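Enquirer: Everything below, folded, please.
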Amino acid sequence: MKELFNEKESNVRSYCRKYNTVFSKAKGSLLFDTDGRQYIDFFSGAGALNYGHNPPHIKEKIIQYLKDDNIIHALDFHTKAKYDFIKKFYSVILEPRQLDYKIMFTGPTGTNAVEAALKLARKVTKRQTVLAFAGAFHGMSLGSLAVTTDKVSREGAGVSLNDVIFIPFESGGGYKIDSLDYFEHLLQDDHSGIQKPAAVIFETIQAEGGVNVASMSWLRRLKGICKRNGILLICDDIQVGVGVQVRFSLLRSMTLNRRWSFCPNHFQDMAFPCRFYFLNHSSMCGSPLNTTERLEEINWLLLAQPRL
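Expert: Coordinates of the predicted model:
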């Protein structure tokens, strides 16, 4: 079976090169290969499977949704499923926090959300440069790859990856400087050679660059620097899941998900947008069905996190 993949599948492959196993079934936290061996799935779709594989409460909803001949692909047309999601998201998540956001439904991957955030930041500020951190991973499309640091991924672009400044993250890498002191120096010194960036993009917990965890004091200081200097702040929280590190309610910012995103109505007046990935791919086949069903749980998880 493995020979077919090697002979017929493109060389553009990643995880299967490291885990040369053919999986056939999955349930909860477990994967099963074609020989019946059982594996505990710590990978979990790079953090996308917050409810595990084939959770019964989601699977039942999907099956019923299909049985009722509901829409599973509608581009950006209005649908009943989208209506139900927007209405419930406002009532459960946004209105209790007095957040006046509009929602954008992006593509199904993390890099779609990153690309949208970068484009919006540049459009609003009329500036091009973005500041990112050493050890970052934000996606494999060109804009996201430009703010990603690992050498192998960047070499795959085949073109120059420009308009990005990199500085050390708070933890990891063994750097002996205070990264935010250095950031402030770049902004204040008129001989730094650096134009004020449109945005800063960061992860609360870096995953690809090593498990590097940002402290709340560092995050608050980063937010303050961006706010004082009119720089937009993009928080990429996709790989570590449902607001693991900080509560989003007071970020009052542009927020994105692998399938949908939202930002303030008066975005131009905001000092710092941000992006948070609340759930996963579970907006099945373009429908926000499952996300709508779990919004109360998402709200509870967000309330449990410290505020930035």
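Enquirer: Which stretches in the chain count as helices?
Expert: Assigned by DSSP state H, the chain shows helices spanning 2-8, 15-18, 44-47, 56-67, 80-89, 110-125, 142-146, 151-155, 179-188, 216-229, 289-293, 295-303.
Enquirer: Nearest to residue 164 among those would be which one?
Expert: Closest to residue 164 of the helices of the chain is helix 142-146 (CB to CB; 5.0 Å). C-beta coordinates here come from the backbone N, C-alpha and C atoms, glycine included.
Enquirer: Buried by neighbour count: which residues of that closest one qualify?
Expert: By 16 or more other CB atoms under 10 Å, the buried positions in helix 142-146 come out as 143, 144, 145, 146.
Enquirer: Of those, just say which sits nearest to residue 14.
Expert: residue 145 (13.7 Å).
Enquirer: on that earlier part again, any chance of a markdown table for the buried residues of helix 142-146, columns pLDDT and distance to residue 218?
Expert: Below are these laid out as a markdown table (pLDDT from 0 to 100; distance: CB to CB, whole Å):
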| residue | pLDDT | distance to residue 218 |
| --- | --- | --- |
| 143 | 95 | 25 |
| 144 | 95 | 23 |
| 145 | 96 | 25 |
| 146 | 97 | 23 |
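Enquirer: Compare the helices of the chain and give me the one nearest residue 201.
Expert: helix 110-125 (7.3 Å).
Enquirer: give me the number of residues near residue 130?
Expert: When neighbours are defined as other CB atoms under 10 Å, residue 130 has 24 of them.
Enquirer: start the count at 27, not 1, going forward
Expert: Let's use 27 as the start, then, which means that last one is residue 156.
Enquirer: which residues touch it?
Expert: 144, 147-148, 172-173, 189-191, 223-227 (CB atoms under 8 Å, 6 or more residues apart in numbering).
Enquirer: please redo it, this time with the cut-off set to 6 Å
Expert: Listed by CB atoms under 6 Å, 6 or more residues apart in numbering, the contact set of residue 156 reads 173, 190, 223, 224, 225.
Enquirer: same check, this time on residue 67
Expert: 55, 57.
Enquirer: how close does it get to residue 102?
Expert: For residue 67, the distance to residue 102 equals 33 Å [CB to CB, to the nearest Å].
Enquirer: residue nearest the centroid of this structure?
Expert: residue 264 (3.1 Å; CA atoms, centre = their mean).
Enquirer: Need the per-residue pLDDT for it.
Expert: In this prediction, residue 264 carries a pLDDT score of 77.
Enquirer: so it sits right up against residue 136, yeah?
Expert: Yes - the pair formed by residue 264 and residue 136 meets the contact definition of CB atoms under 6 Å, at 4.1 Å.
Enquirer: and the end-to-end length of stretch 44-52?
Expert: With CA to CA, to the nearest Å as the measure, stretch 44-52 spans 19 Å from end to end.
Enquirer: Stretch 142-157: how far from the chain's middle?
Expert: Computed by CA atoms, centre = their mean, to the nearest Å, the chain-centroid distance of stretch 142-157 equals 17 Å.
Enquirer: Flag every buried residue along it.
Expert: Neighbour count says stretch 142-157 has 142, 143, 144, 146, 147, 148, 150, 151, 153, 155, 156, 157 buried, by 16+ other CB under 10 Å.
Enquirer: same deal with stretch 112-123?
Expert: Quick answer for stretch 112-123 (16+ other CB under 10 Å): 112, 114, 115, 116, 119, 120.
Enquirer: quick check, nearest of those residues to residue 195?
Expert: Proximity of the buried residues of stretch 112-123 to residue 195 was ranked by CB to CB; the top entry is residue 119 with 29.1 Å.
Enquirer: Let me know the pLDDT of that closest one.
Expert: Note for residue 119: predicted pLDDT of 79.
Enquirer: which one is residue 226 nearest to, not counting chain neighbours?
Expert: residue 157 (4.6 Å; CB to CB, 6 or more residues apart in numbering).
Enquirer: can I assume that neighbour is in contact with residue 227?
Expert: No - look at residue 157 against residue 227 with CB under 6 Å: they stay out of range, at 7.5 Å.
Enquirer: ok, back up a step: please convert the buried residues of helix 168-172 to a markdown table, extending it with distance to residue 260.
Expert: What follows is the buried residues of helix 168-172, written out as a markdown table (distance: CB to CB, whole Å):
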| residue | distance to residue 260 |
| --- | --- |
| 169 | 12 |
| 170 | 11 |
| 171 | 15 |
| 172 | 13 |
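Enquirer: between these, which is closest to residue 240?
Expert: Each of the buried residues of helix 168-172 was checked against residue 240 using CB to CB; the closest is residue 170, at 19.5 Å.
Enquirer: quick one: contacts for that closest one?
Expert: Applying CB under 6 Å, 6+ apart, the residues near residue 170 are 137, 140, 141, 164.
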